[in-house]
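# 3D, please:
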Amino acid sequence: MTVRRSAAALAATAAALCAAAAPAAVAAPSPSPPAALPSGLYGTSDPTYDGVWRQSLAFLAQQAVGVTPAAKAVDWLTGQQCDSGAFAAYRADASVPCNDKTVADTNATAAAAQALRAIGGHQDALANAVSWLRSVQNEDGGWGYTAGSPSDANSTSIVIGTLARAGEKLGDVTTHGGKTPYAALLGFSIPCGGKDGGAFAYQPDKAGKLAANGDATAAGVLGALGKGLVVPDSAAVKDPACHNGSPLKPEQAAQNGAAYLTTALAKSGHLDQPPMPGAEDSEPQPDFGNTADAVVALAAAGHKDKAAASVSWLEKNSAAWAKQAGPAAYAQLILAAQATGTDVHDFGGADLVSQLNATGPAPAAVETPKPTATEEEQKDSGDGDGIGGVWWFVGIGLAVGAGAGFLISGRRKNQQP
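Predicted coordinates for the structure are as follows:
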C-alpha cells in the first residue's frame, strides 16, 4: 500500500506479513469490521480509514478491464460525497451532513473523482470534487493529506492526476502567488547524484532535508507525467537515466524518479517497507503495494521492460498479501498487470478480476475475456478434429475446385487478452 493510505491498510499489510511468518496457531488477528457494513461497500475490514479509497480503486481497476460495478456500489460512493464536493475517508452515516468536524481527505476525494470519471454519468459530482480540490490548494502549489496540512508528494501527485483527467490545465491551477502544482511537486525531487538521486521525498524533514521514499517516488512519477492512477499498456521507449535540469522540468523529474525505481527494484524485484520505529535492525519486509505502484510508474514513464522482474515477483508472492489486504490490493495488482500487458486473468495462476469482484456486490456487467494465444493455438492446431483441421479441409477443397495454388488457413492471429 502507500504512505498516503490509512493506518488500517498498514495494519492489514503488517497482519498479512506476520501471518505468513508465524505458525498457524499464533497467526496475527485481522482487524475487526464494524457489526454491519453497507451492502454496496467493497471489502470486509474496518473502512474507517480507507472506505472511499478502496472503493475508488476497485472501480478504477474494474473499469480498466471491462467490469461495470453494481449500481448500489456506485450509489454508496456518490453518497459519501459532502455538499462541498469533498470526500472523507469514510462516513458511517452519510445521511448526516458534513460539518466542521468532518475530516475531508484530499486523497480520497481525488481517487473518488477519478473513479466517477471512469464510470461516467456523474459529471456534477466530478466537477464538485475538482472544485473543492482547487479550493484547498496550498500556497506552495501542492496539497496535503487533509485540507490545509503541509503539502506532500503523494497527495500533490494524485490531485495532479485527477485534475489532468478532469481536463484541467495544470498551468492555470495556480495560487495567489502564481505557484502551480508542479512547483510543489518538483520541490520533493532529490537532485541526481548519490544513491538516492532522482527519488522523490514524501516531505522534507524539520531541517528541510529530503529523504528518498519509494512510495512517494512512484506517486511522483505519475504526478510529474500528469497521469492518473490507471496507465494503459504501451511499449518501452528509452533507458531510464537521471538528469539535473535548470530549472528541472516535470518530465525530467518523472524520468529521474523512474531511474531511481529501476535501481531500487533491480536487486530483489521489490521495494521494502521502511523499518518500524524501534525496529531498525530487523529484517526488511517486502512492500507489495508499493512494488505494484512502482510497476505502474515505470510503465507510465515508458520503461515497462524494467518492471518485468517485479511483475514476475508479484505473480509469485503477492497472493497472501492481496487476500489479507482486500479490494485495494487486488486493484493495485490489476493496475500493475494492465499497465504492463500482463494477463489479469492468469496472474501467477490467479484471476485477479474474479478475486476483486468477489470482494463487493456482484458487478452489473463483466466483459468476457478474450481467449489467450495458447488457447487459440490449441483450438486451431487440430489433428483434423478441431477448428484448424476443418478449415484445412475446406481450404484444400477450394484450392482444388478453383485450380488455385493456395490454402485457406483457419488459424486466427494470436490475441493478447
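# show me where pLDDT drops low in the stretch 101-250 of the chain?
By pLDDT under 70, the weakly predicted segments of the stretch 101-250 of the chain are 236.
# all helices of it, in order?
Here the stretch 101-250 of the chain has its helices, by DSSP state H, counting those that start in this stretch, at 106-119, 123-135, 153-165, 181-186, 214-224, 250-266.
# of those, which stretch is the most buried?
helix 214-224 (a mean of 31; mean count of other CB atoms under 10 Å). All C-beta atoms are positioned from the backbone trio N, CA, C, and that covers glycine.
# show me the strands in the stretch 1-150 of the chain, by range?
67-68 (DSSP state E, counting those that start in this stretch).
# same check, this time on the stretch 251-400 of the chain
271-272, 286-287, 365-366.
# could you dump those strands into CSV and include distance to Gly43 and mean neighbour count?
What follows is the strands of the stretch 251-400 of the chain, written out as CSV (distance: least, CB to CB, whole Å; neighbours: other CB atoms under 10 Å):
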stretch, distance to Gly43, mean neighbour count
strand 271-272, 24, 20
strand 286-287, 20, 20
strand 365-366, 19, 12
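# quick one: pLDDT of the closest residue to Ser312 other than its chain neighbours?
In this structure, Ser312 finds its nearest non-sequential neighbour in Gly269, 6.9 Å apart by CB to CB, 6 or more residues apart in numbering. pLDDT recorded at Gly269 is 97.
# next: the one 10 residues further on.
pLDDT recorded at Ala279 is 60.
# skipping adjacent residues, who's closest to Tyr182 in space?
Pro250 (5.1 Å).
# that neighbour contacts Leu186, correct?
Yes: between Pro250 and Leu186 there is a contact under CB atoms under 8 Å: 6.8 Å.
# tell me if I'm right that Asp272 and Glu283 touch.
No: using CB under 8 Å, Asp272 makes no contact with Glu283, being 9.5 Å away.
# average model confidence for stretch 305-325?
The model assigns stretch 305-325 a mean pLDDT of 97.
# just the CA trace of it, in PDB.
What follows is stretch 305-325, C-alpha atoms only, in PDB (Å, rounded to 0.1, in the frame of the first residue of the first chain):
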ATOM      1  CA  ASP A 305      10.700  -3.700 -19.600                       C
ATOM      2  CA  LYS A 306      12.400  -2.600 -16.400                       C
ATOM      3  CA  ALA A 307       9.400  -3.600 -14.400                       C
ATOM      4  CA  ALA A 308       9.200  -7.100 -15.800                       C
ATOM      5  CA  ALA A 309      11.100  -8.800 -12.900                       C
ATOM      6  CA  SER A 310       8.900  -7.000 -10.400                       C
ATOM      7  CA  VAL A 311       5.700  -8.200 -12.200                       C
ATOM      8  CA  SER A 312       7.100 -11.800 -12.000                       C
ATOM      9  CA  TRP A 313       7.900 -11.300  -8.300                       C
ATOM     10  CA  LEU A 314       4.400 -10.100  -7.600                       C
ATOM     11  CA  GLU A 315       2.900 -13.000  -9.500                       C
ATOM     12  CA  LYS A 316       4.800 -15.500  -7.400                       C
ATOM     13  CA  ASN A 317       4.500 -13.800  -4.000                       C
ATOM     14  CA  SER A 318       1.500 -11.400  -3.700                       C
ATOM     15  CA  ALA A 319      -1.400 -13.800  -3.300                       C
ATOM     16  CA  ALA A 320      -1.400 -14.000   0.500                       C
ATOM     17  CA  TRP A 321      -1.000 -10.200   0.900                       C
ATOM     18  CA  ALA A 322      -3.800  -9.400  -1.500                       C
ATOM     19  CA  LYS A 323      -6.200 -11.900   0.200                       C
ATOM     20  CA  GLN A 324      -5.400 -10.300   3.600                       C
ATOM     21  CA  ALA A 325      -5.400  -6.600   2.400                       C
END
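# from now on call the first residue 458
In the new count, where the first residue is 458, that last one comes out as stretch 762-782.
# chain center to that stretch, what's the gap?
13 Å (CA atoms, centre = their mean, to the nearest Å).
# swap in stretch 635-655?
22 Å.
# stretch 753-773 too?
Remark: stretch 753-773 is offset 13 Å from the chain centroid, using CA atoms, centre = their mean.
# cool, stretch 789-803 as well?
On CA atoms, centre = their mean, the centre of stretch 789-803 falls 10 Å from the chain's centre.
# one more: stretch 562-581?
Counting by CA atoms, centre = their mean, stretch 562-581 comes out at 14 Å from the chain centroid.
# do the same with stretch 589-605
22 Å.
# give me the buried stretch members for that stretch, please.
By 16 or more other CB atoms under 10 Å, the buried positions in stretch 589-605 come out as 589-591, 593-595, 597-604.
# output the residues you listed as CSV; include the columns distance to Asp503.
As requested, these are arranged in CSV below (distance: CB to CB, whole Å):
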residue, distance to Asp503
Trp589, 26
Leu590, 26
Arg591, 31
Val593, 26
Gln594, 31
Asn595, 30
Asp597, 34
Gly598, 34
Gly599, 29
Trp600, 26
Gly601, 24
Tyr602, 19
Thr603, 19
Ala604, 24
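# nearest to Gly536 among those?
Trp589 (16.4 Å; CB to CB).
# next, find the distance separating the most centrally placed residue in the chain from Val687.
Residue closest to the average C-alpha location in the chain (CA atoms, centre = their mean): Gln789, at 4.4 Å. Distance of Gln789 to Val687, computed by CB to CB, to the nearest Å: 11 Å.
# picking up where we left off before, who's in contact with the residue nearest to Tyr639?
If a contact means CB atoms under 8 Å, 6 or more residues apart in numbering, then Pro707 has Tyr639, Leu642, Leu643, Ala681, Leu682, Gly683 as its contacts.
# how close does the third one sit to Lys706?
This means Leu643. 8 Å.
# repeat for the last one
Summarising the geometry, the distance separating Gly683 from Lys706, computed by CB to CB, is 12 Å.
# those two - which one has more neighbours?
Gly683 (19 against 14; other CB atoms under 10 Å).
# and the closest residue to the more buried one other than its chain neighbours, what does it touch?
Excluding its sequence neighbours, the residue lying closest to Gly683 (CB to CB, 6+ apart) is Ala621, at 4.3 Å. Residues near Ala621 by CB under 8 Å, 6+ apart: Leu627, Gly683, Lys684, Gly685.
# and these as JSON lines, adding distance to Leu573?
Below are those laid out as JSON lines (distance: CB to CB, whole Å):
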{"residue": "Leu627", "distance to Leu573": "20"}
{"residue": "Gly683", "distance to Leu573": "19"}
{"residue": "Lys684", "distance to Leu573": "18"}
{"residue": "Gly685", "distance to Leu573": "12"}
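# all good on my end, thank you.
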